[in-house]
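J.: Here's a sequence, model it:
(2 chains)
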Amino acid sequence: MKKLLKTNEMLLFLLIVAIALVFGMINPQILTLANFYSLIRSSAIPAIFALSIMLVMCCGGFDMSFAMIGAFSSYVVMFYHTSNGQYETSIFAIFAEAIVIAVVLELFNWVLIDKLNLQPFITTLGTQSLLKGFLLAFISTQYIYTLPNQVAKLGTTYLHTATYEDGIDAQLHVVVIFVVVMYVIMHLILQHTNFGRQIYAVGGDVDAARRAGINVSRVRFLVFVIAGIICGIGGVMHDAVARCSLPLPSDLVGKELNSIAAVVLGMGSQKKARGSVLGTLLGVVLLQFITGNLIMLGIPSYFQQAVSGLLIFAGLIVQMTGSGRKLVRKERKTREA
Amino acid sequence: MKNIVTIKDMYKSFFGVVAMDGMNFSINEGEIRCLVGENGCGKSTMIKVISGFYTFDEGSLMINEKPYKKITPAESIAEGIQVIYQDFSLFPNMTIAENIMMYSTVAEKKPLVNWKEMRKRAVETLERIHFHIDPDIYVSELNVAQKQMVAICRAIVQEAKLLIMDEPTTALTTNEVSKLFEVVAELKKHGVSVLFVSHKLDEVLEICDSITIMRNGKNVYDSQKGDKPLSKEDIIYYMTGKSFTNVIYDFKDTGTIPLMQVHHYTMAGAFEDINFSLRKGEILGITGLLGCGRGELAESLFGLRSADSGSISINGKDVGIFRKVDDALAYNIAYVPEDRLTEGLHLDQSIVDNSISRIIGSFANKLGLLNLKMLSAQKKKGLSSMSVAGMKPENPVKSLSGGNQQKIVLIKWLASNPDILILNCPTVGVDVGAKSDIHSIVRNLASEKGVGVIVISDDIYEIMQLCNRVLVMKDGRISMETDIKDTSMEQLESSLASNEEGGAAS
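T.: Residues are numbered from 1 along each chain as shown, chains lettered A, B, ... in the order given. As a prediction, this is how the structure comes out:
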């Protein structure tokens, strides 16, 4: 029990509960089922993308291009089908096509990072920029508002509807199932497979991983493939939930930093840090809860960015003091002893 | 008896630089052999050949009586060869249990992980070497000795037949070293061979059955089990090809006022009522067991820690207590820290930039702009003041060996022309050749420039070689003070040994 209390996940959970209680006291609407459904809806896409970057960070890499890859692959698929009038294309085909494109693009990252040994952060920033430019220059600059029918249908499939006090409906979007399934699978991979151990090993120390007989290059290859699959799914889900597809996905690109922040929050602090699926989910929820509910607290919209920034700092500090500082102090003590 | 590894007439060169030049080596089942040699003599190259990370150019390699033209890391592990590197190659983001079982998990190639089984085997292994610790602790939270034990456990799980340990005692305390030796003896009982790569000669002599000494890429001395052990002087001779003479540092007192006087210096829990004086041109040794307060004293003399009471006089003038580093710098004191990697050097920066980092501020004008001409003159002057083998000034400092890194730390501090130089364990992890270089540099400083030097060290041999006077600390107090010419190594060692009980309790 004591151990459980000390975990980073528990700390994040308590932090969310505390913030929820404070917010709820100011505006009781925040703690309604309807608002909960809204939270899920707004968290779903960041949660999917956070899973992708978490996996890459677990193996010691970094990716700035994941959101762009997701947006790119989905837009290209939507554009191809809609501009050819293929509005009846199966949803499975659309997912499959987007996944293939996203995987190819992530493997481009893999070649640059693993084979050419380039610095991951800068490299993937380059990929992001390249894709953005490619999309605008060679494919299209048009918004797609009429999506293939099955995608549109996916976008409006709800599991349950709840109503706010003022009569506005909020729906539990079907995307939540995707998120849960992906998170469960990822948890199983990371925690219960040999491959999962190898991912953490590569993330812990590359040289040590090589000495352990791990094929580092192969592990990274698979990691980027899986990251690509997640991005592909995330891209299509994003278009479905948003009910349009944008050539310049300003609503996705730029958000990758939020996903990264969520992953870092979920990892906890110091060297012990290793990404965990639950931690990432809680990190996403925490960030979305804060940014999503400020408007309901009556904070003017132009203050929201600043306030959410401050709250993120506060959260990070609480969390670091909880698990991180102690660790540093302990380390110092053992060194001195 | 079976040979685990046999190497015959091995040659290996890297881009024309010869690393192994006709090396011969063998180790038997259940043998503890030490491999000693100066940095760059080819020790690590040989280990990397055995463990499959390097190929060799000529010669033969037999492992478990099977010849190999080349061997991959995986094959080497499969033959039961386990290397524990200085960095231990552990995964900080995993628990002890995970780390112990990591190699087996990878090797067994089962798709799923059985946590229960993994934890059980890890606990059993920890038990086997009597290491009592919670297997769920993350490795990043462990100290060096504990990490080493985890690395040993990992090798045991792999059913190691030969355990190669690279500089295993460098960062350990005396107690931890003896614990390590117990574990090694235990392994030997189970028929595991251990190859100890070390340049701490006392320990080499204590633990090994046999010894191989390397110099310039080949073995220059091999002993077998039961041979008469070499003396330390002989080992040094084989390692360096030079014999070292014990000439006591001849100190001639010139000044009347001591350079530095320490009165009743006290820091709660570390040291108490420390009194000594240091004269111009003197080399004063301070020794004692780990935990006797010598480290804290050294740091407080440089203002890294603040003493609680007492005072320091510089040239007869009372200056009180050094509360921060600037206080000490104001009196032209230089300090070479124990841990040069984290405290003394900017590892990723170039050698030349490190060499001027202490005094770079003095080359700036009022606007904060640097006088580059004077700076480059100083760079040249500093780096030419001692010989650093294989140095390219633009390379990062971390590309140098331990001994050469320490020389750069010295260059950096000497650039400020200090009056007082405090050396905290100056030759930890430094090989014999570089050690004697450093010693002669320090001696010259004292005798020619009149610098007062304080050397804190647990290496009695070093104290004897370097100093003219020594203080022995025990439980935070000075228990003995003597001129080197009035004492002997044996006497000093026994004065430390009589401290053992008190030292361990504190």
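J.: Mind splitting the chain into its structural domains?
T.: Chain wasn't specified; assuming chain A. A:1-31+A:255-337, A:47-253 (automatic domain parsing).
J.: ah, I was thinking of chain B
T.: Split into domains by automatic domain parsing, chain B comes to B:3-240, B:260-332+B:418-505, B:349-415.
J.: quick one: which of those is nearest B:Tyr249?
T.: Closest to B:Tyr249 of the domains of chain B is domain B:260-332+B:418-505 (C-beta to C-beta; 4.6 Å). Placement of C-beta: from N, CA and C, glycine included.
J.: Counting neighbours, what do you get for B:Glu206?
T.: Using other C-beta atoms under 10 Å in any protein chain shown, the number of residues around B:Glu206 comes to 13.
J.: Not including adjacent chain positions, what is the nearest residue to it?
T.: Computed as C-beta to C-beta, 6 or more residues apart in numbering or on different chains, the closest residue to B:Glu206 that is not its neighbour in sequence is B:Phe181, at 7.1 Å.
J.: Sort out which residues of the helix or strand hosting that neighbour are buried, please.
T.: Secondary structure assignment for B:Phe181, by DSSP states H and E: helix B:174-189. By neighbour count on 16 or more other C-beta atoms under 10 Å in any protein chain shown, the buried set for helix B:174-189 is B:Thr174, B:Glu176, B:Val177, B:Lys179, B:Leu180, B:Phe181, B:Val183, B:Val184, B:Leu187, B:Lys188.
J.: Same question for stretch B:99-115.
T.: Quick answer for stretch B:99-115 (16+ other C-beta under 10 Å): B:Asn99, B:Ile100, B:Met101, B:Met102, B:Tyr103, B:Ser104, B:Thr105, B:Val106, B:Val113.
J.: what's in contact with that stretch?
T.: With contact meaning C-beta atoms under 8 Å, 6 or more residues apart in numbering or on different chains, stretch B:99-115 is reached by A:191-198, A:201, A:212-214, B:74, B:77-78, B:90-91, B:94, B:118, B:121-122, B:125-126, B:135, B:139, B:150, B:153-154, B:157-158.
J.: Try it again at 6 Å.
T.: Around stretch B:99-115, the neighbours that count as contacts under C-beta atoms under 6 Å, 6 or more residues apart in numbering or on different chains are A:192-194, A:197, A:212-214, B:90-91, B:118, B:122, B:125, B:139, B:150, B:153-154, B:157-158.
J.: same question, stretch B:333-344
T.: So stretch B:333-344 is contacted by B:302, B:405-406, B:409, B:413, B:418, B:420-426 (C-beta under 6 Å, 6+ apart).
J.: Adding neighbour count as columns, could you present the residues you listed in a markdown table?
T.: Compiled in a markdown table, these are given as follows (neighbours: other C-beta atoms under 10 Å in any protein chain shown):
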| residue | neighbour count |
| --- | --- |
| B:Phe302 | 22 |
| B:Gln405 | 24 |
| B:Gln406 | 25 |
| B:Val409 | 24 |
| B:Trp413 | 22 |
| B:Pro418 | 22 |
| B:Ile420 | 21 |
| B:Leu421 | 24 |
| B:Ile422 | 27 |
| B:Leu423 | 27 |
| B:Asn424 | 26 |
| B:Cys425 | 21 |
| B:Pro426 | 27 |
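J.: of those residues, list those near chain A.
T.: Among those, proximity to chain A is found for none (C-beta under 6 Å from any C-beta of the partner chain).
J.: among those residues, which are in helices?
T.: Applying DSSP state H to those, the entries found in helices are B:Gln405, B:Gln406, B:Val409, B:Trp413.
J.: Identify the farthest-apart pair in the residues you listed.
T.: B:Gln405 and B:Trp413 (13.2 Å).
J.: so where is the chain shaky, pLDDT-wise?
T.: Assuming you mean chain A. Within chain A, the ranges that satisfy pLDDT under 70 run A:1-6, A:247-254, A:268-273, A:315, A:318-337.
J.: I was after chain B.
T.: Along chain B, segments meeting pLDDT under 70 span B:1, B:242-246, B:255, B:341-343, B:389-391, B:429, B:497-506.
J.: So in it, which helix runs the longest?
T.: For chain B, the helix that runs over the most residues, judged by DSSP H, is helix B:432-449.
J.: Residues in contact with it: which ones?
T.: Helix B:432-449 has contacts (C-beta under 6 Å, 6+ apart) with B:38, B:236, B:239-240, B:249, B:281, B:283, B:386, B:403, B:427, B:451, B:453, B:465-466.
J.: what do you get if the cut-off is 7 Å, keeping everything else the same?
T.: Here helix B:432-449 makes contact (C-beta atoms under 7 Å, 6 or more residues apart in numbering or on different chains) with B:38, B:199, B:236, B:239-240, B:244, B:249, B:281-283, B:386, B:403-404, B:406-407, B:410, B:421, B:426-427, B:430, B:451, B:453, B:465-466.
J.: Next, report how far that helix is displaced from the centre of its chain.
T.: 18 Å (C-alpha atoms, centre = their mean, to the nearest Å).
J.: List the buried residues for that helix?
T.: B:432-439, B:441-443, B:445-447.
J.: Closest one of the residues you listed to A:Ser42?
T.: Nearest to A:Ser42 among these, counting by C-beta to C-beta, is B:Ala434 at 61.9 Å.
J.: before we move on, the earlier item: show the buried residues in the contacts of helix B:432-449.
T.: Looking at the contacts of helix B:432-449 with 16+ other C-beta under 10 Å, the buried ones turn out to be B:38, B:199, B:236, B:239-240, B:249, B:281-283, B:386, B:403-404, B:406-407, B:410, B:421, B:426-427, B:430, B:451, B:453, B:465-466.
J.: Narrow the residues you listed to those in strands?
T.: Taking DSSP state E, the ones among the buried ones among the contacts of helix B:432-449 that sit in strands are B:Ile283, B:Leu421, B:Val453.
J.: Mind putting these into a markdown table with distance to A:Ala18?
T.: Below are these laid out as a markdown table (distance: C-beta to C-beta, whole Å):
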| residue | distance to A:Ala18 |
| --- | --- |
| B:Ile283 | 61 |
| B:Leu421 | 54 |
| B:Val453 | 57 |
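J.: Where does the stretch 301-450 of chain B get nearest to chain A, which residue?
T.: B:Asp339 (9.2 Å; C-beta to the nearest C-beta).
J.: Give me the distance between A:Val223 and chain B.
T.: Using C-beta to the nearest C-beta, to the nearest Å, we find A:Val223 at a distance of 15 Å from chain B.
J.: wait, doesn't that residue sit right on A:Val56?
T.: Yes: between A:Val223 and A:Val56 there is a contact at 6.2 Å, judged by C-beta atoms under 7 Å.
J.: which SS class is the closest residue to chain A within the stretch 201-350 of chain B?
T.: Residue nearest to chain A within the stretch 201-350 of chain B (C-beta to the nearest C-beta): B:Gly291, separated by 8.4 Å. Assigned with DSSP: H, G, I helix; E, B strand; the rest coil, B:Gly291 falls in the coil class.
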